[in-house]
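Engineer: what's the 3D shape of this:
(chains A and B)
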Protein chains: 2
Amino acid sequence: MELNINCNQEKYKIILEKGIINKIGEYINLNRKVALISDEGVPEQYITAIKSQCNNCLTIILKQGEISKSFETFEFCLKELISNNFTRNDLIIALGGGVVGDLAGFVASSYMRGIDFINVPTTTLSQIDSSIGGKVGINVNKIKNCVGAFYQPKCVFIDFDVLKTLNKRLFNEGLVEAIKAGLIMDKELFEMFESEQLDIEKIIYKSLVVKKYFVEKDEKEMHERKILNFGHTIGHAYESYYGLKKFHHGECVAMGMMKIIDNEKIKNRLENILKKLDIPTSNTANKEEIFEYIKNDKKAFSDKISIIKLKEIGCAFIEEIELERLRDIL
Amino acid sequence: MELNINCNQEKYKIILEKGIINKIGEYINLNRKVALISDEGVPEQYITAIKSQCNNCLTIILKQGEISKSFETFEFCLKELISNNFTRNDLIIALGGGVVGDLAGFVASSYMRGIDFINVPTTTLSQIDSSIGGKVGINVNKIKNCVGAFYQPKCVFIDFDVLKTLNKRLFNEGLVEAIKAGLIMDKELFEMFESEQLDIEKIIYKSLVVKKYFVEKDEKEMHERKILNFGHTIGHAYESYYGLKKFHHGECVAMGMMKIIDNEKIKNRLENILKKLDIPTSNTANKEEIFEYIKNDKKAFSDKISIIKLKEIGCAFIEEIELERLRDIL
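Structural biologist: Okay, here's the model as predicted:
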């Protein structure tokens, strides 16, 4: 399967195929210097699968987790590229989850003011969500993604096979972004989670179609694309509050969605799905502290904030509310 | 006077006017948080002129010189913005020379993935060259501008009055980029430097017209824009060699142009102009080390390199040569 993303600056393909990780060289010129950025959690076999297709491959293995989306790691990677004489015509490959993709993408966007970048996401979360759309960046002072760029990859390779080695918790948390995609735009996608068997390939494909719609319409997230942040304003605050450790991104978004949905019927249906997937639906975070984190969130504009609400399953809208009103919602 | 720059992503104005620094608020919304980034060399009166137009102004004063185009300063500025709760809708103003503009622009491009940025250049060099075109960035491991972005300002304000407080050496080194603009595209501009009296306003305007042509044609410097790098490949190597200290940027470019021009007649005319302006025309740098710096320069592609050569005054072209051939030129 293929999807074409047409942004203002860039057009690129998402290629979805079992075993595609072994055939990247058929699509992209690997006959140049390649920096393969991955992390300690990615099985060796996938790293080898890519390295074996390159002539000249510098491998950078990051620590696993949000800790690598830091200034230090950003600087480290750039200095590695410099000391290995990478030029503007060389290539960065991200192999891993959202952290690896966000960090490697920001490195690619900044090195020599931008070199080629491809993304090979290895988690459900990154296959469903973070690998496309061009949002790259790092966290600073516990604020998620507050430094970064909009930078599109040259190509994204989604290999369903690599999900087999993912542990259940990571597999399931990634599905939250697919549930979100269903809630904001695709009722059928949402209802797939209420059936017995999950058709993961179809879920990923349909989620990417939703993401493609918003990214093409509003690449820089000035208007419509904000809808993709459904559940994220509160979710990001949970991530900051818990120091990006106790809960994963998808879990925080799940709890964020639970908070923001006011229709009890939809909330119950969502809760049932989340429970089936062993995803937490609430937490005991201090509400005042959460409120403070939201105030510092980049989506906050003076004393107002844009939040995303559901009209019904498959239909969301943006509402600008007084920041103070969020206290009640929390 | 005004010039309109039409890039793919952005359209913006350059406004050239005496005293414009006191009227920025007539063109740009200053009724929001403003981070004014400047350096110790900029006279207090200009900082005050801008601050007095803002309600809520955070002033960041950098150390003077290339030392501020560093990772440390980049990180420092971003953290200042975070701790002062700057949002995506706020504004960064660069007030200073090329260093301030490059650093502040990169900060603006990265903060929250891009916030509004305006540039108020205060040196001939930045008024003539670096304030437009969207190239922003920092130096890492002595390699100039090897980390950065293409990020266009919302507006550039060129106030001829502020040049009055510039010392003669800084004033003259900036003119080198105008001489370059003349050499590559505008014979009349070049010949203005051979007359008794320099019409600085006309020189700046005509230089910006040349820059506008290349920036609009090739924003990301894939092809034609490389011509603007005339004299810079060797010039940048001199800057790296001398640790960005002994010679200024314009002086290094002047010596770089002297090296790369092979037509003796043109070379003599250029030499006469440079001497009149007290700009060095040669140096005693170790040629092998210069060659090594060029190899590490971002314009180097494997064993070939693109250099810019003159056909005649007002007409330049790109030539791809073997890297080794540069040894002879040096």
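
Engineer: what about the nearest residue to residue A:238 once chain neighbours are set aside, neighbour count?
Structural biologist: When the adjacent residues along the chain are set aside, residue A:238 lies closest to residue A:252, with 4.1 Å between them (C-beta to C-beta, 6 or more residues apart in numbering or on different chains). C-betas here are computed from N, CA, C, even on glycine. Counted with other C-beta atoms under 10 Å in any protein chain shown, the neighbours of residue A:252 add up to 29.

Engineer: any idea which element residue A:252 lies in?
Structural biologist: Following DSSP states H and E, one finds residue A:252 within helix A:249-260.

Engineer: now the angle between helix A:249-260 and the next helix or strand along the chain from that helix, please.
Structural biologist: Tracing the chain C-terminally past helix A:249-260 and defining elements by DSSP H and E, one meets helix A:264-276 next. For helix A:264-276 against helix A:249-260, the angle by axes from the mean of the first three to the mean of the last three C-alpha atoms, to 10 degrees is 160 degrees.

Engineer: got the buried residues for helix A:264-276?
Structural biologist: For helix A:264-276, burial by neighbour count (16 or more other C-beta atoms under 10 Å in any protein chain shown) applies to A:266, A:267, A:269, A:270, A:271, A:273, A:274.

Engineer: ok, now stretch A:184-197?
Structural biologist: Burial within stretch A:184-197, assessed by neighbour count using 16+ other C-beta under 10 Å, is assigned to A:184, A:185, A:186, A:189, A:190, A:192, A:193.

Engineer: and it, how far out from the chain middle?
Structural biologist: Centre-to-centre, stretch A:184-197 and its host chain are 20 Å apart (C-alpha atoms, centre = their mean, to the nearest Å).

Engineer: run through the residues that contact the closest residue to residue A:177 other than its chain neighbours.
Structural biologist: Computed as C-beta to C-beta, 6+ apart, the closest residue to residue A:177 that is not its neighbour in sequence is residue A:129, at 3.9 Å. Residue A:129 makes contact with A:98, A:174, A:177, A:207, A:211 under the criterion C-beta atoms under 8 Å, 6 or more residues apart in numbering or on different chains.

Engineer: could you say which helix or strand holds the third one?
Structural biologist: If I follow you right, that is residue A:177. Using DSSP H and E, residue A:177 falls within helix A:168-185.

Engineer: what mean pLDDT does the following helix or strand past that helix get?
Structural biologist: On the C-terminal side of helix A:168-185, the nearest following helix or strand under DSSP H and E is helix A:187-192. Averaged across helix A:187-192, pLDDT comes to 97.

Engineer: go ahead and name everything in contact with helix A:187-192.
Structural biologist: Judged by C-beta under 8 Å, 6+ apart, the contacts made with helix A:187-192 from elsewhere in the structure are A:178-179, A:181-183, A:198-199, A:202-203, A:206-207, A:210, A:313-314.

Engineer: what do you get for stretch A:262-272?
Structural biologist: Stretch A:262-272 has contacts (C-beta under 8 Å, 6+ apart) with A:179, A:183, A:194, A:257, A:258, A:261, A:281, A:309, A:310, A:312, A:313.

Engineer: how far away from the center of its chain is the helix holding residue A:252?
Structural biologist: The gap between the average C-alpha position of helix A:249-260 and the chain average comes to 14 Å, counting by C-alpha atoms, centre = their mean.

Engineer: what angle sits between it and helix A:168-185?
Structural biologist: With the same axes, to 10 degrees defining the directions, helix A:249-260 sits at 40 degrees from helix A:168-185.

Engineer: extract the C-alpha set from helix A:249-260 and format it as CSV.
Structural biologist: Backbone C-alpha positions of helix A:249-260 (Å, rounded to 0.1, in the frame of the first residue of the first chain) are rendered in CSV as follows:
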residue,chain,number,x,y,z
HIS,A,249,2.6,9.3,25.5
GLY,A,250,-0.4,7.3,24.2
GLU,A,251,-1.5,6.6,27.8
CYS,A,252,-1.4,10.3,28.6
VAL,A,253,-3.4,11.2,25.5
ALA,A,254,-6.0,8.5,26.5
MET,A,255,-6.4,10.1,29.9
GLY,A,256,-6.5,13.5,28.3
MET,A,257,-9.3,12.4,25.9
MET,A,258,-11.2,11.0,28.8
LYS,A,259,-11.0,14.4,30.6
ILE,A,260,-12.1,16.5,27.6
